[in-house]
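[1] Give me the fold of what follows.
(2 chains)
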Amino acid sequence: MDKNEIAVILNEIGAILDLLGENRFKVIAYQNAARTLENLQEDLGQLIQQERLGEIRGFGPHIQEKVVALYKTGKLRYYDELKKSIPVGLIDLLRIPSLGPKKVRMLWTDLQVESVEDLKDRCEKGLVAKLGGFGEKTQEKILEGIGNLATYRGYFFWIEAWNSAQPILELLKKSPLVDKAEVGGSVRRKKEVIRDIDLLCSTEKPEAVMKLFIGSPGVQKVINHGETKSSVMLGSGIQCDLRCVNKDQYPFALTYFTGSKEHNIVLRQRAIDRGLKLNEYGLFPVKGAPQKSLKCNEEEELYRKLGLHYIEPEMREDTGEIAAAETGALPHLVAWKDIRGTFHCHTTASDGADTLEAMGEAARKLGWEYLGIADHSKSSVIANGLDEKRLLAQIKQIGELNQRWKGQNFRLFAGSEVDVMINGSLDFPDEILAQLECVVASVHSGLGGDEAKNTARVIKAISNPCVTILGHPTGRLLLSREGMKLDMNAVLEAAAETKTVVELNCTPSRMDLDWRHWKSATRAGVLCAINPDAHATAELEQVRMGVGIARKGWLTPATILNTRKLAEVEKFLRAPKSKRILGKP
DNA sequence: GCCGTTTTCGGCCCGACTGTTTTCAGTCG
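    Just a heads-up that it's a prediction; the model follows:
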């Protein structure tokens, strides 16, 4: 069993223990262990073999024993026994807003609810409202929650949240009542998928701002409405929360509401270690009479007072950033202004919406120096993939356009998004690929397969001296399809070895390679290309979010090909693959 | 269930809001 499958089981164990009314810190211990596994960079098998599992924080003897059993046998008696103790359908009930472990347990013991269907039935019969601690309103809320389970998938791509948040944020910023307003939470941290939008503002008149907020355009329903905190449901189906604080509290609240929860817990612990108490309103001395908060004008000052260098929001996931901030070892993250061009773009020749020329002009408008064209190859029939003849014609056309832009510090690179066949060979013969400047090799079909087979397939493809970039390495589609099972460490090592660039595909539903892998990719010496996989001129903008994901992966300009100047990229692509320099040239 | 140079036992981040209660538990982030 792999680490992600084990993480799912640990999470489930946590949920069941929670429902059984176990000590909540025991529950948290399992949830933390699951999260640690999901983010684990090192190979789990190796850690187990070298008996180093205990070195991981939060992995005590009991959890170690369970992880090892699951890894080696895929079975765990403790888990099987636990599953017998409650109906499995109860876990689903925890996804309904207003229902936590205590209430779910009551529904089960008092009303024999064992599934969402059962719960709907009991609500419709009015039985839930009669239960102690419940009431009419709770029953209504539950019914509504059940309806939403079906309507909304509960998670959204980052860009959907960003677009939903903008009109409200603009309204708040324009209001004379509001001093400052910002989006916090996972949207600010640039998580690839988000659950809700957290807005924060500084004001002296919170109640008036709350009224403004709940009446904002796009608000479909008011969920909560308090003096300093309100929640609404937007037309997009995304829940949006707003918190109001005053000017002095703002930096503390911004840090608090940016999270992540795990990052905050570490910050609070650091405060305690220094005889302080940290919350969303300030940083307070604990000893003696109640005192005023220490003053901080910016988040930077707050971090400094906790003995840390400033940590960019994207890095606040408790995956090593605190230790790095202690010693000043944080990387200087890539920014949008560092980007000088991109690769992997489609045109009307295959399944794109805009012409070669329009794509080039759009890239120039962004101030870029180059754009790599990579239309589909012939096997991608549905995407109108190019055959050899059409590809050669496109190369010629690109040459003509480059003549027109000569001397203007801009050019197109001729390329192809060539399909990787099931055996790892490519959709075009080498003599055709050799005529291209930038070849993106992507797997589009046969994503099932077992890990060893998939890994061999990808490694064979990138070992081809004509392949410049490995496109969307896993082929995952966020919120709908798992990616290929791959031995990622082996793929990344092979990429570094063969001098193949690895793509960070920033289509909102892909964000592939995942940010969690980039730290180890960089360690292996891999060079990244942030590519939009644009099928229209407007989609070139996807690189903005790609930069956000790159920042989550701790990437610096030196580790990204498309921060290089045109002349440097030309030199890189012209050189024989084995002679290319992946590190800073 | 995990953790520890103030601790091997007794902690484990902290506050707003709701709905149900007559002062607070549960949920949420």
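
[2] For the closest residue to DNA strand B within the stretch 101-250 of chain A, report the pLDDT, please.
    With C-beta to the nearest atom of the strand as the measure, A:Gly135 is the residue of the stretch 101-250 of chain A nearest to DNA strand B, at 1.8 Å. All C-beta atoms are positioned from the backbone trio N, CA, C, and that covers glycine. A:Gly135 is assigned a predicted lDDT (pLDDT) of 88.

[3] Count the residues that sit near it.
    Around A:Gly135 there are 13 other residues, counting by other C-beta atoms under 10 Å.

[4] ok, now A:Arg57?
    Residues near A:Arg57, counting by other C-beta under 10 Å: 9.

[5] Spatially central, which residue of chain A would that be?
    A:Glu192 (2.9 Å; C-alpha atoms, centre = their mean).

[6] mind listing what the residue nearest to A:Ser442 when sequence neighbours are not counted touches?
    Excluding the flanking residues, the one nearest A:Ser442 by C-beta to C-beta, 6 or more residues apart in numbering is A:Gly471, at 3.4 Å. A:Gly471 makes contact with A:His344, A:Ala374, A:Glu417, A:Val440, A:Ala441, A:Ser442, A:Glu503, A:Asn505, A:Asn531, A:Asp533, according to C-beta atoms under 8 Å, 6 or more residues apart in numbering.

[7] okay, now the second one: neighbour count?
    A count of nearby residues for A:Ala374, using other C-beta under 10 Å, gives 29.

[8] mind checking pLDDT for it?
    So A:Ala374 comes in at 96 (pLDDT).

[9] For DNA strand B, see how far away it is.
    Using C-beta to the nearest atom of the strand, to the nearest Å, one gets 40 Å for the distance from A:Ala374 to DNA strand B.

[10] what sits against that residue?
    A:Phe343, A:His344, A:Cys345, A:His346, A:Gly415, A:Ser416, A:Glu417, A:Cys438, A:Val439, A:Val440, A:Gly471.

[11] which residues touch A:Val222?
    Taking C-beta under 8 Å, 6+ apart as the test, what A:Val222 contacts is A:Ile214, A:Ser230, A:Ser231, A:Val232.

[12] Which two of the residues you listed have the greatest separation?
    Largest separation among the contacts of A:Val222 by C-beta to C-beta: A:Ile214 and A:Ser231, giving 9.2 Å.

[13] Turn the contacts of A:Gly471 into JSON lines, including secondary structure.
    Output for the contacts of A:Gly471, formatted as JSON lines (DSSP: H, G, I helix; E, B strand; the rest coil):
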{"residue": "A:His344", "secondary structure": "strand"}
{"residue": "A:Ala374", "secondary structure": "coil"}
{"residue": "A:Glu417", "secondary structure": "strand"}
{"residue": "A:Val440", "secondary structure": "strand"}
{"residue": "A:Ala441", "secondary structure": "strand"}
{"residue": "A:Ser442", "secondary structure": "strand"}
{"residue": "A:Glu503", "secondary structure": "strand"}
{"residue": "A:Asn505", "secondary structure": "strand"}
{"residue": "A:Asn531", "secondary structure": "strand"}
{"residue": "A:Asp533", "secondary structure": "coil"}
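
[14] Looking at those, which is nearest DNA strand B?
    Taking the contacts of A:Gly471 together and measuring to DNA strand B by C-beta to the nearest atom of the strand, the closest member is A:Asn505, at 29.1 Å.

[15] Identify the residue spatially nearest to the closest one, adjacent ones excluded.
    In space, A:Asn505 is closest to A:His472, 4.1 Å off (C-beta to C-beta, 6+ apart).

[16] Please apply the same query to A:Leu17.
    A:Val27 (5.1 Å).

[17] pretty sure that neighbour contacts A:Gly14?
    Yes - at 4.8 Å, A:Val27 counts as touching A:Gly14 under the criterion of C-beta atoms under 8 Å.

[18] Pull up the residues of the stretch 51-200 of chain A that are close to DNA strand B.
    A:57-64, A:94, A:96-104, A:129, A:132-139, A:141, A:185, A:195-196, A:198 (C-beta under 7 Å from any atom of the strand).

[19] Now for A:Glu361: which residues touch it?
    A:Thr537.

[20] quick one: it is in a helix?
    Yes - under three-state DSSP, A:Glu361 falls within a helix.

[21] Listing partners with orientation, what would you give for the helix or strand A:Leu242 falls within?
    Using DSSP states H and E, A:Leu242 sits within strand A:239-245. Here strand A:239-245 has these sheet partners by DSSP bridges: strand A:196-203 (parallel), strand A:229-234 (antiparallel).

[22] any residue of it up close to DNA strand B?
    Yes - counting by C-beta under 7 Å from any atom of the strand, DNA strand B is contacted by strand A:239-245 at A:Gln239, A:Asp241.

[23] partners of A:Cys244 in the sheet?
    Here A:Cys244, judged by DSSP bridges, has bridge partners A:Cys201.

[24] Contact partners for it?
    A:Cys244 sits in contact with A:Leu200, A:Cys201, A:Ser202, A:Thr203, A:Pro206, A:Val209, A:Met210, A:Thr228, A:Lys229, where contact means C-beta under 8 Å, 6+ apart.

[25] quick one, what contacts the last one?
    By C-beta under 8 Å, 6+ apart, the contact set of A:Lys229 is A:Asp241, A:Leu242, A:Arg243, A:Cys244.

[26] could you redo the last one with a cut-off of 10 Å?
    The contact partners of A:Lys229, taken as C-beta atoms under 10 Å, 6 or more residues apart in numbering, are A:Pro206, A:Met210, A:Asp241, A:Leu242, A:Arg243, A:Cys244.

[27] and what of the fourth one?
    Residues counted as contacts of A:Thr203 (C-beta under 10 Å, 6+ apart) are A:172, A:175-181, A:209-210, A:212, A:228, A:244-247, A:250.

[28] now do the fifth one
    Listed by C-beta under 10 Å, 6+ apart, the contact partners of A:Pro206 are A:Leu177, A:Phe213, A:Gly226, A:Glu227, A:Thr228, A:Lys229, A:Ser230, A:Leu242, A:Arg243, A:Cys244, A:Val245, A:Asn246.

[29] Need the nearest residue in space to it, chain neighbours excluded.
    A:Cys244 (3.7 Å).

[30] circling back to that earlier point, Throw the contacts of A:Cys244 into TSV and include pLDDT and distance to A:Lys396, thanks.
    Compiled in TSV, these are given as follows (pLDDT from 0 to 100; distance: C-beta to C-beta, whole Å):
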residue	pLDDT	distance to A:Lys396
A:Leu200	96	54
A:Cys201	95	56
A:Ser202	95	58
A:Thr203	95	61
A:Pro206	93	64
A:Val209	94	60
A:Met210	94	62
A:Thr228	92	64
A:Lys229	93	62
